[in-house]
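# 3D model of this:
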Amino acid sequence: MRRRLINSTLAVVLVVIAVFGVSLVIVETRTISSSAEQSVESEAVHLASIVDRKMIDGEPISPDILAQETGTKKYALIVIPGQPSVEVGKKPRGGVIKGEARGEEGAVVTVEESHSVITDEVGRSLLIIGGVALLAVIAAVVLAVRQANRLGSPLTDLAETAERLGSGDPRPRHRRYGVPELDRVADVLDASAERIARMLTAERRLAADASHQLRTPLTALSMRLEEISATDDPDTVKEEASIALTQVERLTDVVERLLTNSRDPRTGSAIVFDLDEVVKQQIEEWRPAYRSAGRAVVRSGRQGMRAVGTPGAVAQVLAALIENSLMHGGGTVAIRTRVTGNQAVIEVTDEGPGVPADLGARIFERTISGRNSTGIGLAVARDLAEADGGRLELLQQHPPVFALFLSRVARKRKDQPPPVR
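All right, here's what the predicted structure looks like:
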C-alpha cells in the first residue's frame, strides 16, 4: 500500500509539473525572444540618434568612437548617404536577430545579435525551472512517504489487532490514529474484542460452574449405581433405581439451570413449592457423606412452609451450603427454617472455625475461598438465588451462618371461608 500511495502521489506531481512546466517554458521562450528583439531595436534607435548628432555637428564617424559612446557589444552596420559604410563590432554567425532604424539625416542603422543569446537565456530558464521541478518532486516524495506511513502503519496495526482477535486474544488495544475512518475501524475492533472477551468469560464460567455443580449429583448417582451393581435383591434394585432416576432428574435440572444462567442470570422459572421436601431431600442426599466424615446433619425450625422459587435451584443452593460446611466447617451441621415478615428463611450453620474476617465481605466473589478450593460454589449459589428473586447472605461469621431468603406463600387455613365473588 505504501508503494501505491507513493507512486500515485508522484504520478500526480509529475503530471502537474509536465503540464505547467511545458506551458511555462513556452511562455518564457516567447518572453525572452520578444525582449531580445526589443533590445536590438532599441540599440539601433539609440545608435541612429548618435549618428544624426555627429552628422549635424560635422564630427567624424568611426567605429571606435561609436563603440565607445554607445558601449554596445552588438554588431552594427551604419549606411550614410555619400559616405562609406561603418561597421561596429563583429558580425555574428548563424541565425541573428535584426533591428533597424533610420536617422533624420538619412543614415540607416542595422543592429544584429546572435540567436544564441536567446538560446542561452532559455537554457538558463529551463535550468531554473528544472531545479524547481526537482525540488517539487523531492517534496512530493517526502510528503508521500509521510502520508503513506501515516496511513500504512495504522492499517498494519489494525491488521495485527484483527489477527490477535482471530488467535483468541480478545484484549482491546484502545489505539486511535487521528484519521476518522481508521478510528471507526478501531472502534469496531475494540467493541468486537470486548464482546468476544465477554463470550469467552461466559464460556469459561459455564465450564467451571458445570464442573462444580455437576460433581455432587454425579457422585450421588454413582453411589446409587454401585448399590445396584452390588445387590441381587430385586426390591433393593428397584428402590435404588428409583433414587437413581431422581438423581438423573436433578442432574438434568442442574444442567438446564446452568445453561439458563449462562444466557441470562436474571431469568428464573419460579413456582410455589413445598420447602420441606427440598430440605428433606438434601439432608437424605448428604447424610451418607457426613456419616463417612463422622459428622451429622440435623434440621430444626418451622415446617410446612411454601416458598416461591425453582425447586431445583433452591436444592442447588442448599447443596452448595451443605457441601461448603462439609469441606470447610466442623461438627454438626444444623439446617433451620424460619419466617421473617413475608419471607421464608433457610439457615445453614456448623460448629467450625467460621469465615475469616478478611473474607467476610468477599466470600461470595468468584475464586475467593478460605482454603484451597475453587471459590465457585457460593458465587454460583448466590446467582441461583437472585435468579429466582431471592438472596443469599452471610449473617454471621463465627460460627458461620448462611441464610437463603425466599418469598413465602401463606398456607390457607382449612376453616377459612371462600372468597366472596
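# Okay, helices next: where are they in the stretch 51-200 of the chain?
63-70, 116-166, 180-230 (DSSP state H, counting those that start in this stretch).
# which one of those lies closest to residue 97?
Residue 97 lies closest, by Cβ to Cβ, to one member of the helices of the stretch 51-200 of the chain: helix 116-166, at 7.3 Å. For glycine as for every other residue, the C-beta is placed from the backbone atoms N, C-alpha and C.
# how far does the closest one sit from the chain's center?
Helix 116-166 sits 31 Å away from the centroid of its parent chain (Cα atoms, centre = their mean, to the nearest Å).
# for the record, mean pLDDT for it?
For helix 116-166, mean pLDDT is 83.
# For that helix, name the packing helices and strands.
Where contact means 3 or more Cβ pairs under 8 Å, 6 or more residues apart in numbering; DSSP states H and E, helix 116-166 is packed against helix 2-57, helix 180-230.
# Quick one: closest of those to residue 388.
The closest of the helices and strands packed on helix 116-166 to residue 388 is helix 180-230. By Cβ to Cβ, the value is 15.6 Å.
# So for the closest one, mean pLDDT?
pLDDT averaged over helix 180-230 gives 74.
# domain parsing for this structure?
2-136, 264-409 (automatic domain parsing).
# rewinding a little: out of the helices and strands packed on helix 116-166, nearest to residue 162?
Taking these one by one with Cβ to Cβ, helix 180-230 is closest: 6.4 Å.
# quick revisit: for the helices and strands packed on helix 116-166, give me JSON lines that also has distance to residue 133 and mean neighbour count.
Output for the helices and strands packed on helix 116-166, formatted as JSON lines (distance: least, Cβ to Cβ, whole Å; neighbours: other Cβ atoms under 10 Å):
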{"stretch": "helix 2-57", "distance to residue 133": "5", "mean neighbour count": "15"}
{"stretch": "helix 180-230", "distance to residue 133": "33", "mean neighbour count": "15"}
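# now the strands for the stretch 301-421 of the chain?
306-309, 333-340, 343-349, 391-396, 401-409 (DSSP state E, counting those that start in this stretch).
# Read off the pLDDT value for residue 85.
The score at residue 85 is 83. That number is its pLDDT.
# Relative to the centre of this protein, find the outermost residue for me.
Within the chain, residue 82 marks the point farthest from the mean C-alpha position, 99.0 Å out by Cα atoms, centre = their mean.
# gap between residue 111 and residue 307?
For residue 111, the distance to residue 307 equals 124 Å [Cβ to Cβ, to the nearest Å].
# quick one on the thing from earlier: looking at the helices of the stretch 51-200 of the chain, spot the one closest to residue 380.
Checking these against residue 380 by Cβ to Cβ gives helix 180-230 as the closest, at 5.2 Å.
# hmm, who's touching stretch 119-137?
In this structure, residues lying in contact with stretch 119-137 by Cβ atoms under 8 Å, 6 or more residues apart in numbering are 10, 13-14, 17, 21, 24-25, 28-29, 32, 36.
# Next, format those residues as CSV and append distance to residue 100.
What follows is those, written out as CSV (distance: Cβ to Cβ, whole Å):
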residue, distance to residue 100
10, 51
13, 47
14, 45
17, 41
21, 36
24, 32
25, 30
28, 27
29, 24
32, 21
36, 15
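# which among the residues you listed gets closest to residue 323?
Minimum distance to residue 323 across those is 74.1 Å, recorded for residue 10 (Cβ to Cβ).
# May I ask you to confirm that that closest one is in contact with residue 140?
Yes. If you go by Cβ atoms under 8 Å, residue 10 and residue 140 touch, sitting 6.0 Å apart.
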